[in-house]
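Trainee: Okay, structure incoming, though there's no sequence with it:
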């Protein structure tokens with residue numbers, strides 16, 4: 001795994017608002033644009049993880065710094 005890069009305050013705010021509003025957002029994961037529905041953002045061992053429901057309908061957790069370009 002690569003070194004953790006803290007996410008921006010703007011990205012964190014987008015995740016938090018989407019969680020509170022039960023909204024889907026557009027992101028890029030592994031170079032692929034996806035629509036996800038964030039459920040929670042948690043810290044574990046000094047890293048932030050986004051818990052979300054992906055396009056396949058399954059809940060996943062992914063290091064937040066692996067997610068690019070959150071938008072609502």
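Mentor: Arrived safely, thanks for sending. These figures come from a predicted structure and were not determined experimentally.
Trainee: Okay, the residue nearest to residue 30 when sequence neighbours are not counted and residue 21: tell me how far apart.
Mentor: What sits nearest to residue 30 in space, not counting adjacent residues and going by CB to CB, 6 or more residues apart in numbering, is residue 66, at 7.8 Å. All C-beta atoms are positioned from the backbone trio N, CA, C, and that covers glycine. Shown here: residue 66 relative to residue 21, a distance of 23 Å by CB to CB, to the nearest Å.
Trainee: who's more crowded, these two?
Mentor: Between residue 66 and residue 21, counted using other CB atoms under 10 Å, residue 66 has the larger neighbour count: 17 against 10.
Trainee: Ramachandran angles for the more buried one?
Mentor: According to degrees, to the nearest 10, the main-chain angles of residue 66 amount to phi -90, psi -10.
Trainee: That one contacts residue 27, doesn't it?
Mentor: No - in this structure, residue 66 sits apart from residue 27 without contact. The criterion is CB atoms under 8 Å, and the distance is 9.8 Å.
Trainee: pull the longest strand from this protein.
Mentor: With DSSP state E applied, the strand covering the greatest number of residues in the chain is identified as strand 32-44.
Trainee: List the contacts of the spatially most central residue of the chain.
Mentor: Among the residues of the chain, the smallest C-alpha distance to the mean C-alpha position (CA atoms, centre = their mean) belongs to residue 50, namely 4.3 Å. For residue 50, the contact set (CB atoms under 8 Å, 6 or more residues apart in numbering) comprises 15, 38, 40, 41, 61, 62, 63, 64, 67.
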